[in-house]
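**Q** Let's see this in three dimensions:
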Amino acid sequence: MEEVTVDFFDRMMAVNVRAAFLQLAALTQHLNDGASIVITSSTGSVEGSPVATVYAATKGAIESAARGWATALAPRNIRVNVLVPGNVDTDFRRFMDDDTRETFNRDVIGRVPLSRAGTPDEAAAVALFLLGDDAAYVTGSRYFVDGGLSKR
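**A** Numbering: from 1, shown residues only. As a prediction, the model looks like this:
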């Protein structure tokens, strides 16, 4: 917490919060009635990690905003839901050196009840469900794709 600077905080909020607000504000007028929006968050929003508090706050803000957006867009039958992935096996952490990445993945996977990372296809399947007609009565919800990580 002591290392958070104004610049870091502002950049993180700009990328993860302000950008989503402005994007949705610009796009909603172009959406057809009955459309579906999926916002991507992260289990960081509920994990309580001491090294990712600003990141977690941005994801929590987006989750909260999505509930409001779901209510605001409901008269147009536009659904808004949140996909909350946990550790999904992508090269997202490529900026880390190999040892740091391995330690990080081992620590996270060690807390996942299913004892593995998810796949991009598993996360995409939930997103496709939320975007499709099978989820026609689902809005303002969060769907965790995290192997049970958020349940511990």
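**Q** Please name the nearest non-neighbouring residue to Lys59.
**A** What sits nearest to Lys59 in space, not counting adjacent residues and going by Cβ to Cβ, 6 or more residues apart in numbering, is Ser45, at 3.8 Å. Bear in mind the C-beta positions are built from the backbone N, C-alpha and C, glycine included.
**Q** Do I have it right that the one you found meets Gly60?
**A** Yes. Taking Cβ atoms under 8 Å as the definition, Ser45 is a contact partner of Gly60 at 4.5 Å.
**Q** if you count what's nearby, which of those two comes out ahead?
**A** Set side by side, Ser45 and Gly60 show unequal neighbour counts under other Cβ atoms under 10 Å, the larger going to Ser45 at 22 against 16.
**Q** Checking the more buried one next. Helix, strand or coil?
**A** Applying DSSP: H, G, I helix; E, B strand; the rest coil to Ser45 yields a three-state assignment of helix.
**Q** give the contact list for it.
**A** When contacts are counted by Cβ atoms under 8 Å, 6 or more residues apart in numbering, Ser45 is found next to Ala56, Lys59, Gly60, Glu63, Val84.
**Q** Which residue ranges of the chain form strands?
**A** 36-40, 79-85, 142-145 (DSSP state E).
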